[in-house]
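Engineer: quick check, what structure comes out for this input:
(4 chains)
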Number of protein chains: 2
Amino acid sequence: MASRRGGEGKDTGTLGKAVAVLETVALSDRPMRFTDVLAASGQPRGTLHRQLSHLLREGLLELGPDHAYVPGLRLLKLASAAWARNELRAVAAPFLEALHRETGETVHLGVLRGREIIYLDKVESRQAVRMNSQIGNASPVYCTGVGKAALSVLDAPALEAVLSGLEFRRFTPQTLADRAALEAELAEIRREGVAFDREEHEPGIRCVAAPVHDGGRDLVAAVSVTGPAYRVGPERLAEWAPHVRAAAAAVMGELVFRLGPQR
Amino acid sequence: MASRRGGEGKDTGTLGKAVAVLETVALSDRPMRFTDVLAASGQPRGTLHRQLSHLLREGLLELGPDHAYVPGLRLLKLASAAWARNELRAVAAPFLEALHRETGETVHLGVLRGREIIYLDKVESRQAVRMNSQIGNASPVYCTGVGKAALSVLDAPALEAVLSGLEFRRFTPQTLADRAALEAELAEIRREGVAFDREEHEPGIRCVAAPVHDGGRDLVAAVSVTGPAYRVGPERLAEWAPHVRAAAAAVMGELVFRLGPQR
DNA sequence: AAACTCAATTCCATATAATGGAACTCTGGA
DNA sequence: TCCAGAGTTCCATTATATGGAATTGAGTTT
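Structural biologist: Numbers count the residues shown, from 1 in each chain, chains lettered A, B, ... in the order given. As a prediction, this is how the structure comes out:
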């Protein structure tokens, strides 16, 4: 038998390895040349070379200047479909719009995906800034309003699964930087039904979020309103809280209605 | 060198087959259940089942209600990186903004990708409508301003490669629905340096576009301004043309500067 | 320019994973 | 309850991926 990697539960064969390489290249913040990928992936030269050339030919990677591999545009096309056809997004859209009208600030929809939050949609406050700068972006669960709200509705085993693998990093002085602090806050969030982000992820950015789930277990998400600290004080956050909670509840209601009461 | 087999150009092994399945599912407009994919892919049951289960486990597909396969959120995360790190997009962004300020209408950036145009960025006219509804979307080359502008800068063999495989479909009464009409128009576009879309793709939508390329041959794109026919007449299109041309030229200049004069 | 170095690419015997036909199970409707 | 169609699993066979080593290529120094 082949040697099993410790803790690795999924068997996705050749595809899995190729996707791992793709992700390595795509999520790197610097362009990677062949040797860089070689070092990062730990695979033999010949193998890696073939994987990269397949990814290139499939348009999932592209070759930039100076032999640098960059993520390919075919990913955009595929993701565009994923976004357009996502049911949660479609259900939530009108409620996000409404929430934006009520508050005048930026509204986000994020879903829990493993140990991180992926932003599924947003409604911008002012003019169309660099828009989908956020959509598809992954953020930590423990220091975003959306993340904490999502965690607050997990049952014990699911929460444990997330928490046990978390690596905390302090982004600002307010960041909850250890598990105990996070768990204490989650208890508070469960009581209130809303989560706050008081400049815990980005300095100068505050937000209120409320959880959305589908009654079953697989879909966990959250809705939030975000604004700059200079115009969003604690009282403003408190004022928004019921609106956010109501929006989340409305999304949830519609979701359950659409998918049927039980899975 | 091995002689090339007729028709089969790419050898991407197992990955290629898996991606083909992924694309089938992702680009379908209806949810597909196992049997639907089976019919569409033409592969044996066992094989397809394994491919799908690998795609599921990798998060590239997800299982929706009623055993329906839908594109997975991992695609969003990957595409977000592709978008953020795309050099053309980064270079063009400020010029798109400027063009938007000059015209007050929606501005697009699209790149030629095989036989279709993929929208890379857009700056919305009014409030943030359903925003990236477009980004990543693929549109036909022959009936969009961006598409025709892009085609106009291809050299003969590259153009032939695109045209020979095109399947024309009439979207509106104005659609150029055959190769001869398209080629005639391309000649005109080459003279003028701009392409017009006079409700050829969507009724009520007009646009002006100008081509962007990198001097070499691999990057071909276009910039456009789009508006509703009721407030965009022929004279308005003509008025915008020089602005669009200038924006495209500016993007091209910056691009060549960044990448170096020759590849 | 020639020589040198490090990166990228190709090769090929072997190991491993994909294949696909058939049997099995599950689910929901009559 | 039985049936039919969908979805899932099995496993001997075959095709594909693997990976170490040799080759080519690109960029730099003497």
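Engineer: model confidence for the residue of the stretch 101-250 of chain A at minimum distance from DNA strand C, exactly?
Structural biologist: Nearest to DNA strand C, among the residues of the stretch 101-250 of chain A, is residue A:216, at 14.4 Å (CB to the nearest atom of the strand). For every residue, glycine as well, the C-beta is placed using N, CA and C. pLDDT for residue A:216: 72.
Engineer: before we move on, what about residue A:142?
Structural biologist: In this model, residue A:142 is scored at 97, pLDDT.
Engineer: tell me the secondary structure of it, please.
Structural biologist: coil (DSSP: H, G, I helix; E, B strand; the rest coil).
Engineer: coming back round to it: number of residues surrounding the residue of the stretch 101-250 of chain A closest to DNA strand C?
Structural biologist: Counted with other CB atoms under 10 Å in any protein chain shown, the neighbours of residue A:216 add up to 12.
Engineer: what of residue A:46?
Structural biologist: Residue A:46: 8 surrounding residues under other CB under 10 Å.
Engineer: quick check: can you list the domain ranges of chain A?
Structural biologist: What automatic domain parsing lists as the domains of chain A is A:13-72, A:84-259.
Engineer: which one of the ones you listed is the most hemmed in?
Structural biologist: domain A:84-259 (a mean of 19; mean count of other CB atoms under 10 Å in any protein chain shown).
Engineer: next, the distance between the ends of it.
Structural biologist: Its first and final residues considered, domain A:84-259 spans 18 Å by CA to CA, to the nearest Å.
Engineer: residue A:11: helix or strand, and which one exactly?
Structural biologist: For residue A:11, there is no enclosing helix or strand under DSSP states H and E.
Engineer: what sits against it?
Structural biologist: Residues counted as contacts of residue A:11 (CB atoms under 8 Å, 6 or more residues apart in numbering or on different chains) are residue B:57.
Engineer: repeat the analysis, applying 10 Å as the threshold.
Structural biologist: Neighbour list for residue A:11: A:4, B:50, B:53-54, B:57 [criterion: CB atoms under 10 Å, 6 or more residues apart in numbering or on different chains].
Engineer: and those residues near DNA strand C, which?
Structural biologist: By CB under 7 Å from any atom of the strand, the members of the contacts of residue A:11 lying near DNA strand C are B:50, B:54.
Engineer: and for stretch A:234-242, what's in contact with it?
Structural biologist: So stretch A:234-242 is contacted by A:99, A:102-103, A:105, A:145, A:192-198, A:206-210, A:224-225, A:227, A:232-233, A:244, A:247 (CB under 10 Å, 6+ apart).
Engineer: how close does residue A:223 get to residue B:65?
Structural biologist: With distances taken as CB to CB, to the nearest Å, residue A:223 is found 21 Å from residue B:65.
Engineer: ok, now which ones touch the residue of the stretch 101-250 of chain A found nearest chain B?
Structural biologist: Among all residues of the stretch 101-250 of chain A, residue A:136 sits closest to chain B, at 2.9 Å; criterion: CB to the nearest CB. Residues near residue A:136 by CB under 10 Å, 6+ apart: A:75-76, A:79, A:82-83, A:118-120, B:73-84, B:132, B:136.
Engineer: in the stretch 51-200 of chain A, which residue sits closest to DNA strand D?
Structural biologist: Nearest residue of the stretch 51-200 of chain A to DNA strand D: residue A:51, at 5.7 Å (CB to the nearest atom of the strand).
Engineer: which of the three states applies to that residue?
Structural biologist: The three-state assignment at residue A:51 reads helix, by three-state DSSP.
Engineer: my guess is it meets residue B:16, correct?
Structural biologist: No. Between residue A:51 and residue B:16 there is no contact under CB atoms under 10 Å: 11.9 Å.
Engineer: picking up where we left off before, quick one, which of the contacts of residue A:11 has the minimum pLDDT?
Structural biologist: Among the contacts of residue A:11, pLDDT bottoms out at residue A:4, giving 37.
Engineer: quick one, helices of the stretch 151-263 of chain A?
Structural biologist: Remark: helices assigned in the stretch 151-263 of chain A by DSSP state H, counting those that start in this stretch are A:156-164, A:179-192, A:234-259.
Engineer: off-centre distance for the last one?
Structural biologist: I take that to be helix A:234-259. From the chain centre to the centre of helix A:234-259 is a distance of 19 Å (CA atoms, centre = their mean, to the nearest Å).
Engineer: swap in stretch A:90-97?
Structural biologist: Remark: stretch A:90-97 is offset 18 Å from the chain centroid, using CA atoms, centre = their mean.
Engineer: and for stretch A:100-107?
Structural biologist: How far stretch A:100-107 lies from its chain's middle: 21 Å, per CA atoms, centre = their mean.
Engineer: quick one: residue A:56 from residue B:204, how far?
Structural biologist: Counting by CB to CB, the separation of residue A:56 from residue B:204 is 40 Å.
Engineer: again, but for residue A:196
Structural biologist: Distance of residue A:196 to residue B:204, computed by CB to CB: 45 Å.
Engineer: can you check residue A:243 too?
Structural biologist: Taken as CB to CB, the span from residue A:243 to residue B:204 is 36 Å.
Engineer: just residue A:32 next, same as before
Structural biologist: Going from residue A:32 to residue B:204 by CB to CB gives 45 Å.
Engineer: re the thing from before, so the residue of the stretch 101-250 of chain A closest to chain B, which state does it fall into?
Structural biologist: What three-state DSSP gives for residue A:136 is coil.
Engineer: where does it land on pLDDT?
Structural biologist: Taking residue A:136 on its own, its pLDDT is 91.
Engineer: what does residue A:125 give?
Structural biologist: For residue A:125, the predicted pLDDT is 68.
Engineer: tell me where the model's unsure across chain A.
Structural biologist: A:1-9, A:125-133, A:217, A:260-263 (pLDDT under 70).
Engineer: now do the one helix or strand residue A:107 maps to: which elements does it pack against?
Structural biologist: Using DSSP H and E, residue A:107 sits in strand A:106-113. If you count contacts as 3 or more CB pairs under 10 Å, 6 or more residues apart in numbering or on different chains; DSSP states H and E, strand A:106-113 packs onto helix A:87-103, strand A:116-123, strand A:138-140, helix A:145-152, strand A:205-213, strand A:220-228, helix A:234-259, helix B:74-84.
Engineer: mind putting the ones you listed in TSV, distance to residue A:188 included?
Structural biologist: Putting the helices and strands packed on strand A:106-113 into TSV (distance: least, CB to CB, whole Å) gives the following:
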stretch	distance to residue A:188
helix A:87-103	22
strand A:116-123	19
strand A:138-140	19
helix A:145-152	9
strand A:205-213	13
strand A:220-228	15
helix A:234-259	13
helix B:74-84	30
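Engineer: OK, contacts around the closest residue to chain B within the stretch 151-263 of chain A?
Structural biologist: Closest residue of the stretch 151-263 of chain A to chain B, CB to the nearest CB: residue A:259 (5.5 Å). Shown in contact with residue A:259 (CB under 10 Å, 6+ apart): A:87-88, A:91, A:214-216, A:219, B:64-66.
Engineer: can I get the residues you listed in CSV including distance to residue A:182?
Structural biologist: Listed next are the contacts of residue A:259 as CSV, based on distance: CB to CB, whole Å:
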residue, distance to residue A:182
A:87, 30
A:88, 25
A:91, 29
A:214, 24
A:215, 25
A:216, 25
A:219, 22
B:64, 31
B:65, 32
B:66, 36
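Engineer: how far away is the residue of the stretch 151-263 of chain A closest to chain B from DNA strand C?
Structural biologist: Between residue A:259 and DNA strand C the distance is 14 Å, computed by CB to the nearest atom of the strand, to the nearest Å.
Engineer: report whether stretch A:210-226 contacts DNA strand D.
Structural biologist: No. Judged by CB under 7 Å from any atom of the strand, stretch A:210-226 stays clear of DNA strand D, getting no closer than 14.7 Å.
Engineer: what's the spacing between that stretch and its chain's center?
Structural biologist: Here stretch A:210-226 is found 12 Å from its chain centre; the criterion is CA atoms, centre = their mean.
Engineer: quick check: end-to-end length of stretch A:226-242?
Structural biologist: Note: stretch A:226-242 ends 14 Å apart using CA to CA.
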